[in-house]
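Asks: here are the coordinates; sequence isn't available:
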């Protein structure tokens with residue numbers, strides 16, 4: 001479950017309504033293959049590979065809409081809002097989100113919006129989060145609130161551009177539910193653009209001790225492409 005992919009953004013600009021007019025809209029798409037779909041330190045696909053992809057639509061005013069999907073698998077019973085539920089192999093997660101993002105004159109970026117996590121055929125898994133965040137230079141901070149679980153999630157990140165189309169990403173997150181176990185997760189990722197695609201190797205871990213081993217530390221590879 002996530003609002004967008006880790007691939008580098010690359011937009012396809014749509015033409016303006018009149019000749020010579022500035023473009024008002026940007027449409028981009030992304031596709032990825034990963035050896036494990038990990039969200040906030042926990043495998044979402046029973047530690048198996050996943051195929052993912054999405055579309056993003058942005059207006060020059062700062063408003064945006066997007067959708068993103070992945071195959072998911074939780075064949076062992078998992079407790080969701082007090083009920084034991086399962087997801088069969090090959091099930092799908094579909095995220096739909098929208099919001100507003102802009103950069104102020106002092107270089108501070110702001111982002112606020114909402115995301116719905118949908119699981120066709122498994123309505124008991126459906127939920128939504130509201131988020132607000134800011135960024136400055138290499139640093140980003142996001143705050144998510146889930147009304148169903150009455151929980152907060154704090155996401156801090158540092159992203160470095162390295163030489164020769166390479167990058168380094170550092171992340172730490174903290175989940176603070178009103179009723180349940182709080183947990184910290186962290187991630188270190190290195191990537192490089194090569195052969196027309198983006199390659200990223202990441203190490204992630206969490207101190208959450210549930211989910212039958214799905215929260216164990218792991219290394220996974222993601223290959224992605226943006227259009």
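Replies: Ah, there it is. All values derive from a computational prediction rather than experimental measurement. Numbering: from 1, shown residues only.

Asks: Kindly state the beta-bridge partners for residue 128.
Replies: Judged by DSSP bridges, the bridge partners of residue 128 are residue 116.

Asks: so how far is residue 97 from it?
Replies: Here residue 128 is placed at a distance of 9 Å from residue 97 (C-beta to C-beta, to the nearest Å). (Each C-beta comes from the backbone N, C-alpha and C, glycine too.)

Asks: try residue 194
Replies: 29 Å.

Asks: Comparing the two, which residue is more hemmed in?
Replies: Neighbours per residue (other C-beta atoms under 10 Å) separate residue 194 from residue 97, with residue 97 holding more: 22 against 12.

Asks: pretty sure the more buried one contacts residue 118?
Replies: No: distance between residue 97 and residue 118: 11.0 Å, which falls outside the contact criterion (C-beta atoms under 8 Å).

Asks: Touching both of the two, which residues are there?
Replies: Counting by C-beta atoms under 8 Å, 6 or more residues apart in numbering, residue 97 and residue 118 have no contacts in common.

Asks: got a list of contacts for the host helix or strand of residue 132?
Replies: Using DSSP states H and E, residue 132 falls within strand 127-136. Outside strand 127-136, the residues that touch it by C-beta under 8 Å, 6+ apart are 3, 99, 107-117, 140-149, 153, 155.

Asks: out of those residues, which are buried?
Replies: Burial by neighbour count, judged by 16 or more other C-beta atoms under 10 Å, picks out 3, 99, 111, 113, 115, 117, 140, 142, 144, 146, 149, 153, 155 from these.

Asks: From those, which land in strands?
Replies: Under the assignment DSSP state E, the buried ones among the contacts of strand 127-136 contribute 99, 111, 113, 115, 117, 140, 142, 144, 146, 153, 155 to strands.

Asks: Strand 139-146 and the strand holding residue 132, what's the angle between them?
Replies: Counting by axes from the mean of the first three to the mean of the last three C-alpha atoms, to 10 degrees, strand 127-136 lies at 160 degrees to strand 139-146.

Asks: ok so, going back, of all the buried ones among the contacts of strand 127-136, which two lie farthest apart?
Replies: Pairwise distances among the buried ones among the contacts of strand 127-136 were taken by C-beta to C-beta; the largest, 23.4 Å, belongs to 140 and 149.

Asks: that older thread, and which of the buried ones among the contacts of strand 127-136 is nearest residue 164?
Replies: Of all the buried ones among the contacts of strand 127-136, residue 164 sits closest to residue 140, with 23.5 Å by C-beta to C-beta.

Asks: where's the closest one relative to residue 50, distance?
Replies: Distance, residue 140 to residue 50, by C-beta to C-beta: 24 Å.

Asks: re the thing from before, in TSV: the ones in strands among the buried ones among the contacts of strand 127-136, plus pLDDT.
Replies: Below are these laid out as TSV (pLDDT from 0 to 100):
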residue	pLDDT
99	97
111	97
113	97
115	97
117	95
140	97
142	97
144	97
146	94
153	96
155	97
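
Asks: of these, closest to residue 178?
Replies: Checking those against residue 178 by C-beta to C-beta gives residue 146 as the nearest, at 9.8 Å.

Asks: Alright, I will stop here.
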